[in-house]
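K.L.:
Next come a sequence and a model predicted from it.
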Amino acid sequence: MDILDGLTASEFLSDYWQKKPRVIRQAFPGFQCPVSADELAGLACEEGVESRIVIENDNGKPWQLENGPFPPERFERLPARDWTLLVQGLDHWVPDIADLLEHFRFIPNWRLDDIMASYAPQGGSVGPHYDQYDVFLLQARGHRRWTFGGHCDTTSPQVNDTPLRILSHWEGEDTVTLAPGDMLYLPPGIGHHGVAEDDCITLSIGFRAPTVDDILTGFTDFLCSQPGAEAHLNDPDLQVQDNPGTIGAGVIDRIEELIRDKLNDRSQLALWFGQYATAPKSMDIVVPAEEPITPEDLATAITGGEQLRWNEGSRFAYHELDDETALFVDGERYLLKGDARPLAPLLCAGSRVSMKPLARMAGESALLGLLTTLYNQGSVYFE
């Protein structure tokens, strides 16, 4: 497979990532979609699965949106064409879909959002729009015609009387039809419109980035939970002012110093961001193991050659500090020291853990205890 169309990962990131679209023919040659339309409809009926139906014209109302879960009979009442079913987080529920992500590990784990499936009969579409994230659109079944190009933002005209952000006056720059195995990369803000030419399924591999608001509010909330946050601003050097209504420059200086002191602690920032970035999108799938395992049983399974893999909804990352390595799994952090530090990059390299080096580490009781914790909380399991 050549998912980058002959480019190296460095070349793609330098020339295309967040810069311009790229059409990649047969990124996945002979691709067979692991799920059928009926299976997607079945998932859309399940609690805990985020799903939506978009109808282009619902009794004269343009681009109407319905949110799941849906009763099975809803699909019997849909028109023959011009509608779309969206199932979010398909990788959380289908291991074969999650395996596709291994081809995109040239992008950091923390940037991954999820894989969304879009099923549509002929004419089905979600309308011309733009997204605020990077996405690879992999054609999994049938054919979809994509028109794309031109930068869009909140000032771009949109259709009224719809809950969706549909562009009302937009003309793309390029048009292509994707067949199974073809893929289109789109950076944030690029207008695009995909229309099903027959019964088709498209898989959207999306990559998220936090907003400035997410970072500021998230980190300050984290700081407010740390020891010492309950302390009050003091002023033992208070002096009489000419006017009691004045907020003196010294007060602002003291507050600025306090804020800078908190923001300059890079280790605190790294620990917060690691936990924030690995918090699972769906807690419905990261659930404790039905049968908890003991460290001894875990060691036996590892040395016996069983394959350990991530829960499909779990997120793994790590950060190197001065004298320790912070491992982040599903919003929790684990600080590793000394000979334990190599465990973090080993666990984070891919969804299937390399078992030979892991077996060499399994003799260390502390590491075995950590692996047991990850197993029992549902972050990893034996395949």
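P.N.:
Arrived safely, thanks for sending.
K.L.:
Show residues contacting stretch 209-221.
P.N.:
111, 133, 188, 269, 272-273, 276-277 (CB atoms under 8 Å, 6 or more residues apart in numbering). Where you see a C-beta, it was placed from the backbone N, CA and C, and this is true even at glycine.
K.L.:
Let me have those residues in a markdown table, extended by secondary structure, pLDDT and neighbour count.
P.N.:
Output for the contacts of stretch 209-221, formatted as a markdown table (DSSP: H, G, I helix; E, B strand; the rest coil; pLDDT from 0 to 100; neighbours: other CB atoms under 10 Å):
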| residue | secondary structure | pLDDT | neighbour count |
| --- | --- | --- | --- |
| 111 | helix | 95 | 16 |
| 133 | coil | 95 | 16 |
| 188 | coil | 97 | 16 |
| 269 | helix | 94 | 17 |
| 272 | helix | 96 | 21 |
| 273 | helix | 97 | 19 |
| 276 | helix | 96 | 18 |
| 277 | helix | 96 | 20 |
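K.L.:
So for residue 1, what's the pLDDT?
P.N.:
Confidence at residue 1, expressed as pLDDT, is 62.
K.L.:
Out of the contacts of stretch 209-221, which comes closest to residue 20?
P.N.:
Nearest to residue 20 among these: residue 188, at 11.6 Å, using CB to CB.
K.L.:
so residue 366 makes contact with residue 340?
P.N.:
Yes - in terms of CB atoms under 8 Å, residue 366 counts as a neighbour of residue 340; the distance is 6.4 Å.
K.L.:
out of the two, which sits in the more crowded spot?
P.N.:
residue 340 (18 against 13; other CB atoms under 10 Å).
K.L.:
what sits against that one?
P.N.:
So residue 340 contacts 325, 361, 364, 366-367 (CB under 8 Å, 6+ apart).
K.L.:
From residue 352, how far off is it?
P.N.:
From residue 340 across to residue 352, the span is 21 Å (CB to CB, to the nearest Å).
K.L.:
Give me the helix or strand of the protein that scores worst on average pLDDT.
P.N.:
helix 249-263 (a mean of 91; mean pLDDT, DSSP states H and E).
K.L.:
quick one on the thing from earlier: can you tell me which of the contacts of stretch 209-221 is nearest residue 202?
P.N.:
After measuring the contacts of stretch 209-221 against residue 202 - CB to CB - the closest member comes out as residue 133, at 15.8 Å.
K.L.:
need the next SSE after whatever helix or strand residue 42 lives in, C-terminal direction.
P.N.:
In this structure, residue 42 sits in helix 37-44 according to DSSP states H and E. Next helix or strand after helix 37-44 toward the C-terminus (DSSP H and E): strand 51-58.
K.L.:
roughly how far is that following strand from the heart of the chain?
P.N.:
24 Å (CA atoms, centre = their mean, to the nearest Å).
K.L.:
Packing partners of the helix or strand following it?
P.N.:
Next helix or strand after strand 51-58 toward the C-terminus (DSSP H and E): strand 61-67. In terms of contacts (3 or more CB pairs under 8 Å, 6 or more residues apart in numbering; DSSP states H and E), strand 61-67 is packed against strand 51-58.
K.L.:
I am finished for the moment; much appreciated.
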